[in-house]
Structure formats: C-alpha cells, structure tokens
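>>> How does the following fold in three dimensions:
(chains A and B)
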Amino acid sequence: MAKVFIITFKLIMFFFTVDAVFEDQVGKFDWRQQYIGNVRFGHFDAQLQSSKKVILATEQNVFAAVNIRTGELFWRHVDKTGPEGSIDALLHHGQDAVVVVGNGRILRSWDINVGGLNWEMVLDSGSFQAACFVGQQDTVKHVAVLKKTALSLHYLSNGHQKWVENLPDSETVDYQFVYSGGTGEVYVLGVLPHSHIAIVTYSVEDGEIIKQVSVEAPWLSNIQVSCAMVGKGILTCVNPASASLYTLDIHSQTQMTQIPLQSLGLDVTPDFQPVLVSTQPNPSQHPLYEFLLQLSSDHYLLLQLNNGEITTLRDFKPVNLASFSTTGDKTVLAVMSPKNKTACSVNLFSAETGRRLLDTTVNVNIDPYSGKPQKLYVQTFLKKDDSVGYRVMLQTEDHTLTFIQQPGRVMWTREESLSDVVTMEMVDLPLTGTQAELEGEFGKKADGLLSMVLKRLSSQLILLQAWIAHLWKLFYDARKPRSQVKNDMSIETLSRDEFNLQKMMVMVTASGKLFGIDSKTGTILWKHYLENVPSNAAFKLMVQRTTAHFPHPPQCTLLIKDKVSGLTTLHVFNPIFGKKSHVTPPSLPQPILQSLMLPLMDQDYAKVLLLVDDQYKVTAFPSTKNVLQQLQEMASSIFFYLVDSNPGRLSGYRLRTDLSTELIWEVVMPIEVQKIVSVKGKRPNEHVHSQGRVMGDRSVLYKYLNPNLLAVVSESTDSHQERSFIGIMLIDGVTGRIIHEAVQRKAKGPVHIVHSENWVVYEYWSTKSRRNEFSVIELYEGTELYNSTVFSSLDRPHAPQVLQQSYIFPSSISTLEATLTEKGITSRHLLIGLPSGGILSLPKMFLDPRRPEIISEQSREENLIPYSPELIIRTEWFVNYNQTVSRVRGIYTAPSGLESTCLVVAYGLDIYQTRVYPSKQFDVLKDDYDYMLISSVLFALFFATMISKRLAEVKLLNRAWR
Amino acid sequence: MKPLLSSSITPFVYFMISIACIESQNARRVGDVQDAEFNDFSVPLEHSFEVDDIGRFRARGALQLKSGREPGATLSQNHLSQDDRIKLKDVAAVDGLYRIRVPRVSMQADRQADRQTSGYLTAFVRACAMVESHLSDVITLHTDVSGTLIGVSIVTLPGACGGAELEDDVDLEVFNTTLAVMAPVTAPGPETALFLERMEQESEKKGKNPQEQKSFFAKYWMYIVPLVLFLMMSGAQDQSGGGGGGGGNGGGR
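Model (predicted):
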C-alpha cells in the first residue's frame, strides 16, 4: 500500500506546488475569534486579591477561564455537544473547580490556574439532582453528589468515592437538595409533593443514617424553587398561596413555623412568584442569616432571620438584579437599579445591616439595541483602607458579557451569541464619498450639456482635492514612526478598498442578535438585538440592494420564521450601519412556505422578494406599482418549487398575473421508502467562465449548466446496514423533470452536499466498508451544445450525460462548501470543515469523474490525475494551519475583487476568516517582488539602446564620409 | 448472495432466508413469462390544456405497465379530436401549458395489493412546443428503488417554441410518443479492486525489468564519484592555501 501512496504522491507533485501559508503571513490575512457560549455558571477566582480570572461554564458545554482585565480566554475546554456534555453544576473552592457533566455521568475537577484536569470520575448511573461541598473544621475535603436514588461522597483531592448510600423511599420521595453546614453531617432533603418533606441526615465519616425526619408541608412541590438554607441549618421556604414564609430548623424541629408576609408589613399581589436567595460564603461554614426575597421582577427585600424571627433590613424597589458577594469576612449585596431608559446604576449594601456603602456607585449604560440585564456577577475585593471595592460582570439576554469597573468604565464585552451563528452574508463596503460622487454622475440621466460639463468639472476637482489630501497624509504619516500610524477602523471611515478584499460580514445568531463585522480585522462594527425572536426560529438572510446603487442605501432583509407555527416576520436593515430601514415590510398573517429573490428590481434598485404563503398566494416586497407591473409582465416565466419532506412531495408552481399561483408539476417520493433530507440549488451569484472542457483530442465536452437544477438528497427509512441507501436526485426546478436519479447502496447519512457549475459533490458514510466516502456527479451536454446562446429549462429536450466516481475519504466531515470567485476563471476547491477543527482546501481536480483508470496519452494531455480510490489529506491543504476552529457548523465563501482570491469564513463555536487562492495569486505581484531589479534592468536597457543608437549614428556618419 | 448456513437453521435464520428469497426474486433480471400477464396492469394517462390554465384532465391514453425488476411500459393513445386540435392551437397561441398526469402506483409485484391511487404525478410542457413538434413527445416515468412511480416528465422534440406557423392540422392528430421507464441507477463506490490490480501489474512490470530496480547510486556512480573527488581536491587545496580564509569561505557557503 505504501508504494501506492508513493506513486500517487509523485504524480500529484507534478501538478501541485506547496500551497500553505508562510510563517510571516500568519495572521496577515486571517483572524480567529474564540467564543464560549451563553454563560450558565460563573465564579470569580477569589483566592488571591490580585487574581484576574473568572471561571465560566456555558450552555454550549464549554468550561473556560476568562481574563477579567482583557476579556480574553486563559484556557477553554470544549466538551461534547448535546446532553452528553452538558454541565449540570459548577462548584468552586480555592484552586479547584468541580464540574458535574452529562446529567451526573462524570465528575471532574480542574485546576483553575492552568486549566489542567486534576481528576475525573465516572459516576453511577442515575439522574443528577444536586451537588455541594462538604467541609469540616474550616477545610473542605469532600464533594457530595445527590442523584435520584443515591448519595455519594467523593474526596476533593483525588475524586475517589468515600461512600455511596441509597436513599430511603427513593421511589416515592423526590430528593432535590443536599446541604452541609460544616458540622460533619450531610443533609439530604426530599419532598413528597403536596404531602411532606423528608430530611435524611448522614454522617460524613461512614455514610450512616443518623436521623430521618418527615415534616408536614402539603403546599410544597419543589424545594429548589421555593426554599433556601439560611443560617445554622434553618430551611426557609416561601409559599405564594398563603403569602407567608416557613422556617424549619432541620437539626431539631419537626414542625414548620409559619410567618405571614403581612406581619413584615408587606402587601403582596396574588400572582407573585417569590424567590429566595441565600448566601454561603464558605462551604465549611453555615450560610448567613441574611437572605434575599424577590417578590416580583423589580422588587427585592433583604431579610434577616434572628432567633426564629424575620426582620426586614431593606426594601429595594425598583431594582433589576441583586447579587451577594463576599470578600474576606465581609459580605455585601450588589443591587442594580434602573435610572432611566438607557442607564442603570449598581450600588453596594452591607449584607449585615442593609446600609448603603459610600462611593460604591457604578453607572451602567444600557444599549437600546441590546437585551435586558439577566444576571449580575460581582467580584469584590478589599482596598488598602479596608473598604470594599468591586467590579461587576453583567450578562444580558442577548448573551453578552460586559465587565464594568468603578465608576462605570466598560473594561470589555464578549458577544457570546456569536458562538451560535446561524447564517451570514458578506456585503461590499460602500464607496468613499468621492467615488460615489463619480458613480452617481454616470448613473443619472443627462440633463443638458452645460450642466453635464459643470458636473464633470466639479467631480474632477473633488478628485484632485482628495488626491492632494491623500498625498499630504502620506507625507505627514511618513515622518511618524510606523507604530503610531493607526489603522483606525470605525463605522464612519468604512470604504471599499482597491480590490474589494474588505467586506462587511453580516452575521445572524440563534439568539436573534445581528452583527456587522469588518472582515479584515474582525472588529464588531455594529450590533442589533431583535427582541421577541422565537427560540426555535429559522432565519434566512437576503441582500435586496447592494452598495452599488448610490445614493440608495444598501438593504438586507432577514426572514424570521417560527418553525412550529410557520408565522414569519421580516426585519429590513442597512447592512453597513445595522440600522433598521424606514421601509415598512409587508405584514404576513399567513405562514410562509417559500421565499424567492427575483433578479427584477424596482425603480429604487431593490430586488423583488416574493413570499409564498400556505394558501399559495404570493406577496411581493417591495410592492410598488412599478414592481407589480413588472411582475404581471413576467408572471408566466416566474416559477418556484416547494418541498414538503413529510409526504415527500416536491411540487412546482407558476405565478399568475393576479399574484396567485398554479400547480404545474408534482413529484412524490413515498416516505415509506425514503425521506428527503436536503435540497440544494446553485448559488445565484456564481459565474462559470468556461462552457466546456477541452479534451485530449481537441474536441470540446460541453458542460450542462442548468441554473434551475436542484440536487435532492434522500435517506432510506430502513436503517438496516445492508438495506440502507442514499438517494440523489437531480431535478429541474422549473419543469420538474428528473434529470438523474441514483442510489448509493449500503450508505447512510448525514450527507453533506455541494452543488455548483455542472457538478454535485456529496459525502456519506458507507455502512458496508465503514468509512466516509465522497462521490462526484458531473453533467455534460456532450460534444455539441443544444442552444449555445441561452439556457431555458423549457427547451432542453436531451438529457445530459452523467458521469460519477467515488473516493474514500480518511476522515468524517462537519461541513462542506466550494470556493467562489468573481468570474469563475480560477479553479475550484472544496472547503471541508473537519471535526478536528481543521479546514481543508481540497482541489476539485481530485474529485473529477473523468479521472482515468488507465493512463492514456489523451488523459495526460488533459492533465487528468489517474484514478486512485483514496483522497489523501495533505497537511499543507489546511487553510487554518494551527488555528483550530471548534465545532465548525458552516463555511461561507464570497468572491473578492481579485479573481484569484476567495474570502472564506468558517463559523461554529469559533469564527475564522481567511482568504484562499485556489490557483495561486496569478493576478497579484508577490510581496517580495523585486521592483529594484526590474526597474534597474529597464533603465539599463533604455541607456543601452540610447548609447547603441548614438554609436550607430556615429558609425553611419563615418561610413558616409568614407 | 451470501452463502447460507446449512446445518442449524433456526426459525430466525429461516425468516431471513424467506426475505432473501423475495429480494432475489425481484433481483432476477429475466421476468417470468407466466407472471408477465398477471403483473401487467393499466393506468390512465390524462392530459389537460385549457385557455384559462385550469386543470381539466381528460383521458389521453392508457399506460400498460409491466412490473418486475426490469419494468417496462407501453402506451396506447387516442387520436386528438377536431375540437381538441383547435383548442390546443388556441392554448398555444396564448402560451398556455399542456399538462399530463398519471396516478401514483407501484410497479412492484408484491405491492400490487396496496397500489395506492391517492394523488397524481403531473408534468407539463408549453402547448406551443407540443404544436410545433407535431405532437412528438418523450414521456419518461421515473420510479424509486421499490418500484413506485415518483415522477413523470414530458419533453417535446424539437423543444423550441419558435412561433412557426402550421399549415394543415393533420399533423396534430396522432401522438408520436417515445415512452421510457427509468429506475434509479446504482451509484458507483470507490474502485479499490481495479486500482490494486493495476498497481500489482505495475509493480510486476517493474520486477521484470531489472534496469529499473537499480538504485540512484548504482546507476550514476560513474558521475558522482569523480564529482565528489573533484570537490574534495579543491577543498583540500583551499584549506592548504589559507586556513582562516578557507574557514570563512566554508561558512559563507
């Protein structure tokens, strides 16, 4: 086998030279941003005053430490996706962070200084309920993990299990809470809903049950929601129905004491949802006697429990958030209260007395385009004069973390919603004012000769002025040291560069926040949070008007569809500035089935978007008179298709002049056999430069370039490995004609597919050989073209030739995309996102069904690589070298102004942007191009001609005299 | 086909065999003669062409479907009546559509019992193309792996709608239809066997030719040795010429 590789390598080497980046190019054209996701648990590292870490566990199953000075990551651990890797609990003590993962499957301890794993234990099965530290005599030595049926105690130092005990009556009692107050006992609290609380006391030493008590509590159903442990083992609960607090000393009492809220002087509305919050500064000691009672979303009370009596220390209203924090022996309460619409202030209060601490105000500005504050993390520290200083980390609904220092300085923000990008587009930046002026001149209609001349003169003058200013700036900057010449990037100075390499990346995230990111640097230039986006929404982003139509602003439309109800809303915005457009989108009372962007434009150069609802009626946006008139004229040539995967039905419709539709074709794939998993058309902005391929005998094989072709992938319902198959159907979206239908037997999904030009590449899992395989289908019209001027789906009677070949791929893949360039001259590469975090740029040349089995003179002439069944991953094909991109979900490609260059953005947990040159930079001079040499040669040649001319003249003269 | 176990046939294995038998029956390429009549069945082929483009399907002919692993079909069609001819031309004049439909049926033998006729498969072609091609069309029926019809397509030959005038309407009387049934093709997997064979052949070829087996050194020693000797000689001269200078020179190279 080794020989096979060597031979193939030798052959490959003939065609390719090294393709990777050079060391000094690292970070020059590319950038990476690492994210962690929406924070679920956060703890500040408080072991040292100078510590600058915050430990975060997130909903994306990431566990990370963030530098609180800069907001950068110290370290990050990415676990499995889904419930298998979900972080259930995070306990933090000193240097150790203990994490429960995967519904109590694994218990891990991390060293937070370096992010190294201390130990990992696989726990017994059973669903996880709660976990806590167990301390004795001011030291924490154990971790208690409560499961549905058992309680186990582990050593903190090595994770070994000290003991595990089954819980009594675990089939009826729902154990929910575990508590230890540093007394050598572990209390497990369970509830039999609407009956009683069960309290089981275990000895830390040997797990023996010391005591078992049952307390009447017919109103209680969930301890974690309505109770908290306060002071020395006093369980405090709140009952909204009777509007009263209940206390119970779990050491001694067997009866709950009721304290009506009215006795505290509190009036409660009947529908209040109270929450109790207590604080336990040190796990080896009991919680404080002070606790918070949240009566409504903006009303908090600081209460104190004193010898069974509750006193109100302070009443906070209105208030957004409140949170306890401890430093040394001081515990404070940070309260965030709204000042006005765009600002909030945070103040510190002493937890013991409820008094406000002086000079502790932090002003927080709330961006109107961001979400509401959701959670407050407070880091307190003692200043030199023993007063308390603090910083806050604010988590908002749009998954943003903002770190704020006194008196309101924002240290950093992390936009964690970018860890879940759903879709994106790249938009050209606008021209500068002068460029736009020039463009505008050509765009406008002629109005008199004189005014045209004047306009031309004025625009030339402006250009001259701009040029002089530019020269002056160059001269001025040249005197300054290089480091001081700042590359200021702000939203005002945005303009297109010479080769259109810098673009605006418009990213849509699952949380409903939109971002505008500069593709060159990765700077977030604008952000906009859309409220009321359903959690299961599907998004589709479309560019209706590009920047090419000055003075009309560019316009993007985001279609937000609720997956369950199908109801759709449109958000229309300017992609450069992120501002919501003044254009009012149509109201859509019916669920939307399909949207399609027509190449038609209205008088303001906005492309027409058609939305088809479930009554098969069409709504146009924009729907001006002009548009409707154009639609009426074009109606008979506007076709669209619908895919309904449940009955497996593909159907085609034609638009009628009254904007209703008629069914014109129907293809039904019975779901008993196979179900449609994906339908892929071609990208509308794709250009194909060459109509055919020149063969070895100098004849031309013409490509079948049908812009309406759809690739439909289906998977068999039968998942048995012998009978499962994958179906690939190529169907014309206008006529419904099935161009090609193939099945890949003994194959299974997930299928990744790319459809472009005249080829379809897909990847699947072969159940027979247990490996990943790539297959490529290419379509050719043959050696003669049917109609070379225009393609019409209605007039292509001959079916194309179909060629197909398959290859073994040595890795599974996460996503697949093809490069895209301005004119389609550059050869194509496939960009493959691998689960390992690499992005592989595989030349399409290797996936060519015309690769010959036996090398002939003609195939050599055509530069076809001889067939070898295995595609090899070469390390220099990784476009992201060592910049691993975690959990790649999608790759977006966009053409740049240079034909050789394709812009690539890979997104997943991380975002990575780079440029690729599939055919090398054939249209760019290299960085190290020797201008000196070429100019000196030119000069030398020039002088040589001058001298030789002179010499020749002299010689001629001499000859004449002779 | 897997070789089956002969000794201990448990009920489970027996069950497996029975499934395998059914499959092999389907896989048989030559259809049984006595089965053919039983498996033949007919479904209507309907067409519709209206000036207002609302589907009113009428019978165009009958499709005689032959089931089995290698499905086939024949079509017997009616002539187009005088009224229909005029109507078709009218529809062509307003660039209307000519549509056909067939019911969704399964062509597989053992599915005949539950042949569902719920719903139709439709396709269309421009009526003017139908007129200009003098009713010569190609109808293709597509089936899935189980033999159920999933789609129908119609194209005319020639397909263009040039707006050519028609002299007499005799041409529009008889359909000139080419019918085909297409089942999905099996996509090829990676061709490892052939590749390995080729590699073996190549290595054999190399083995036969001992000239090729010689290493690089063995082939070109007569050039390399004098070169090395020459370099050594010149180096020695250099060193003897001037110690310091020679060292510096060596570093530079």
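>>> List the strands paired with the helix or strand harbouring B:Leu45, with their directions.
With secondary structure defined by DSSP states H and E, B:Leu45 is part of strand B:41-48. Using DSSP bridges, the neighbouring strands of strand B:41-48 in the sheet come out as strand B:58-66 (antiparallel), strand B:97-103 (antiparallel).
>>> can you pull the buried residues of that strand?
With burial defined by 16 or more other C-beta atoms under 10 Å in any protein chain shown, the residues of strand B:41-48 counted as buried are B:43, B:45-48. Where C-beta positions appear, they are placed from N, C-alpha and C, glycine not excepted.
>>> And those, which is closest to chain A?
Of all those, B:Ser48 has the smallest distance to chain A: 10.9 Å, by C-beta to the nearest C-beta.
>>> Quick check: that closest one touching B:Arg58?
Yes: judged on C-beta atoms under 8 Å, B:Ser48 makes contact with B:Arg58 at a distance of 6.9 Å.
>>> neighbouring contacts of the helix or strand that contains A:Val761?
When secondary structure is defined by DSSP H and E, A:Val761 falls within strand A:759-766. The set of residues external to strand A:759-766 that reach it, using C-beta atoms under 8 Å, 6 or more residues apart in numbering or on different chains, is A:680, A:711, A:713, A:726, A:728, A:730, A:744, A:746-754, A:771-779, A:809, A:812-813, A:816, A:818, A:830, A:844, A:847, B:189.
>>> elements contacting the following helix or strand past that strand?
Toward the C-terminus, strand A:759-766 is succeeded by strand A:771-782 as the next helix or strand (DSSP H and E). Contacts of strand A:771-782 with other secondary structure elements, assessed using 3 or more C-beta pairs under 8 Å, 6 or more residues apart in numbering or on different chains; DSSP states H and E, are made with strand A:700-703, strand A:725-732, strand A:738-745, strand A:759-766, strand A:801-809.
>>> okay, those strands, which one's buried deepest?
strand A:725-732 (a mean of 24; mean count of other C-beta atoms under 10 Å in any protein chain shown).
>>> Need the contact partners of that one.
When contacts are defined by C-beta under 8 Å, 6+ apart, strand A:725-732 is touched by residues A:650, A:667, A:669, A:674, A:706, A:708-716, A:737-749, A:751, A:760, A:762, A:764, A:775, A:777, A:779, A:793, B:144-145, B:151, B:184, B:187.
>>> In a helix, A:Glu633, correct?
Yes: under the criterion used here (DSSP: H, G, I helix; E, B strand; the rest coil), A:Glu633 sits inside a helix.
>>> Run a quick neighbour tally on it.
Residues lying near A:Glu633 (other C-beta atoms under 10 Å in any protein chain shown) number 11.
>>> again with B:Ala93
Every residue meeting other C-beta under 10 Å relative to B:Ala93 is counted, giving 12.
>>> what do you get for A:His299?
Under the criterion other C-beta under 10 Å, the count of neighbours that A:His299 has is 18.
>>> Can you name the residues that contact it?
Residues near A:His299 by C-beta under 8 Å, 6+ apart: A:315-319.
>>> Quick check: B:Pro103 touching B:Pro44?
Yes: counting by C-beta under 8 Å, B:Pro44 is a contact partner of B:Pro103 at 7.3 Å.
>>> Mutual contacts of the two, please.
Residues touching both B:Pro103 and B:Pro44 by C-beta under 8 Å, 6+ apart: none at all.
>>> picking that back up, reformat the contacts of A:His299 into TSV and put pLDDT, secondary structure and distance to A:Ser242 next to each item.
Listed next are the contacts of A:His299 as TSV, based on pLDDT from 0 to 100; DSSP: H, G, I helix; E, B strand; the rest coil; distance: C-beta to C-beta, whole Å:
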residue	pLDDT	secondary structure	distance to A:Ser242
A:Asp315	88	strand	21
A:Phe316	88	strand	24
A:Lys317	83	coil	23
A:Pro318	86	coil	26
A:Val319	88	coil	25
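>>> ok, and which of the residues you listed reach chain B?
Restricting the contacts of A:His299 to those near chain B by C-beta under 8 Å from any C-beta of the partner chain leaves nothing, as none qualifies.
>>> Buried ones among these?
With burial judged by 16+ other C-beta under 10 Å, the buried subset of those is A:315-316, A:319.
>>> How about the contacts made by the spatially closest residue to A:Leu429 that is not a sequence neighbour?
Setting aside the residues directly before and after it, A:Leu429 is nearest to A:Arg496 in space (C-beta to C-beta, 6 or more residues apart in numbering or on different chains), at 4.5 Å. A:Arg496 makes contact with A:428-432, A:435, A:502, A:547 under the criterion C-beta under 8 Å, 6+ apart.
>>> got the phi/psi numbers for A:Arg496?
Phi and psi for A:Arg496, reported as degrees, to the nearest 10, are phi -70, psi 140.
>>> A:Ser459 now?
Taking degrees, to the nearest 10 as the convention, A:Ser459 sits at phi -70, psi -30.
>>> ok, now how distant is it from A:Pro368?
Going from A:Ser459 to A:Pro368 by C-beta to C-beta, to the nearest Å gives 39 Å.
>>> between those two, which one's more packed in?
Set A:Ser459 next to A:Pro368 and count neighbours by other C-beta under 10 Å: A:Ser459 wins out with 17 against 9.
>>> residues in the stretch 151-253 of chain B within reach of chain A, list them.
Contacts of the stretch 151-253 of chain B with chain A, taken as C-beta under 8 Å from any C-beta, map to B:151, B:153, B:155-161, B:182-192, B:194-196, B:198-199, B:202-203.
>>> Which residues of the stretch 1-150 of chain B lie near chain A?
Taking C-beta under 8 Å from any C-beta as the criterion, the neighbours of chain A within the stretch 1-150 of chain B are B:53-55, B:95, B:97, B:99, B:104, B:119-126, B:129, B:138, B:140, B:142, B:144-146, B:148, B:150.
>>> 6 Å - rerun?
Neighbours of chain A within the stretch 1-150 of chain B, by C-beta under 6 Å from any C-beta of the partner chain: B:104, B:121-124, B:126, B:142, B:144-146, B:148, B:150.
>>> out of these, which are buried?
Burial by neighbour count, 16+ other C-beta under 10 Å: within these this picks out B:104, B:121-124, B:126, B:142, B:144-146, B:148, B:150.
>>> Now render those as CSV, adding distance to A:Thr509, pLDDT and secondary structure.
Below are those laid out as CSV (distance: C-beta to C-beta, whole Å; pLDDT from 0 to 100; DSSP: H, G, I helix; E, B strand; the rest coil):
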residue, distance to A:Thr509, pLDDT, secondary structure
B:Arg104, 42, 86, coil
B:Leu121, 41, 90, strand
B:Thr122, 41, 91, strand
B:Ala123, 42, 92, strand
B:Phe124, 42, 91, strand
B:Arg126, 45, 88, strand
B:His142, 41, 91, strand
B:Asp144, 39, 87, coil
B:Val145, 40, 87, coil
B:Ser146, 42, 84, coil
B:Thr148, 42, 85, strand
B:Ile150, 38, 90, strand
